[in-house]
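Peer 1: following is a predicted model, sequence given first.
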Amino acid sequence: MSTTAAILIAMSGLVLAAALLYSSGGHAGASAYLAIFALFSVAPAIMKPTALVMNIAVATIGSVRFIRARAVPFHLLRPLCLGSIPAAFVGGSIRLRPGTYLLLLGLVLLAASALLWLRPRSSGRRPVPPSVLLCGIGAALGFVAGLTGIGGGIFLSPLLILTGWEEPRQTSGAATVFILVNSVLGLLGHLSSTLLVPPQALLLGASAVLGGIVGSWLGVHRLRPLALRRVHAVVLLLSGAKLLIEGLRR
């Protein structure tokens, strides 16, 4: 077996595990996939489109299951997606230098790590802000999602829980659909500037789908514990630091 094949198999196993864990909490796992790519020193040009393809596969499965379970708060999701759709396309169409991309992605993973580490406070539901503000929040998250290859749900979930705008289960449903929308538009934006989708995306995408099928089924019935959130936070912290170091070297 060649070294390349062995690395791809190892990455597929890690992707399957990441998809299972993240989809159980309403996420598609892009931040984990990008962290895995960083640990294996995958080229930046491959990281973004591959993560988006895998995100779409897992988020589609999760969206169907959460919608069937009536756990998607569309009244909150509509203005968020209204702002994120054009922003994710624009972000996806932008091609950054490898060093700049690694630095930006490292900062995004570090920010996500900090949000995942926070303990959600159950202080009761709070009024949802006006649609204009939600559109602005969606636009900001969508642009970052398209630019880096994440779906934006890793920021949306902590935001909804920490602000008290939605309950945990509905938050997972909102994050899943939000990730799907942003990932599709981000990939379309990427294809508008380059028609390249790496062939590795097919094998890794299949692994992500398998993990997403199991994880999303679990996610409809139970939530991830705080301890699991913090394990993810540590992984993102280490990966974000590695990306920052690599970006500074380029």
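Peer 2: Sure thing, it's come through.

Peer 1: pLDDT weak spots in the protein?
Peer 2: For the chain, the stretches flagged by pLDDT under 70 are 1-2, 24-26, 116, 119-124, 193-197, 216-236, 239, 250.

Peer 1: for it, what spans make up the helices?
Peer 2: Remark: helices assigned in the chain by DSSP state H are 3-23, 30-39, 44-68, 74-93, 98-117, 131-148, 153-163, 168-193, 200-221, 226-249.

Peer 1: which elements pack onto the first one?
Peer 2: Just to be clear, that refers to helix 3-23. Packing partners of helix 3-23 (3 or more Cβ pairs under 8 Å, 6 or more residues apart in numbering; DSSP states H and E): helix 30-39, helix 44-68, helix 200-221, helix 226-249. Just so you know, the C-beta spots here come from the backbone N, C-alpha and C atoms, and that holds for glycine as well.

Peer 1: give me the neighbour count for residue 127.
Peer 2: 8 (other Cβ atoms under 10 Å).

Peer 1: next, it: phi, psi?
Peer 2: Residue 127 adopts backbone torsions of phi -60, psi 140, taken as degrees, to the nearest 10.

Peer 1: please name the nearest non-neighbouring residue to residue 212.
Peer 2: residue 58 (3.5 Å; Cβ to Cβ, 6 or more residues apart in numbering).

Peer 1: so how far is residue 248 from the closest residue to residue 165 other than its chain neighbours?
Peer 2: Ranked by Cβ to Cβ, 6+ apart and with sequence neighbours excluded, the top spatial neighbour of residue 165 is residue 128, at 5.3 Å. With the distance defined as Cβ to Cβ, to the nearest Å, residue 128 ends up 40 Å from residue 248.

Peer 1: same question for residue 137.
Peer 2: Distance from residue 137 to residue 248, by Cβ to Cβ: 30 Å.

Peer 1: what of residue 49?
Peer 2: For residue 49, the distance to residue 248 - Cβ to Cβ - is 24 Å.

Peer 1: these two: who's more crowded?
Peer 2: Neighbour count, other Cβ under 10 Å: between residue 49 and residue 248, residue 49 has more, with 21 against 11.
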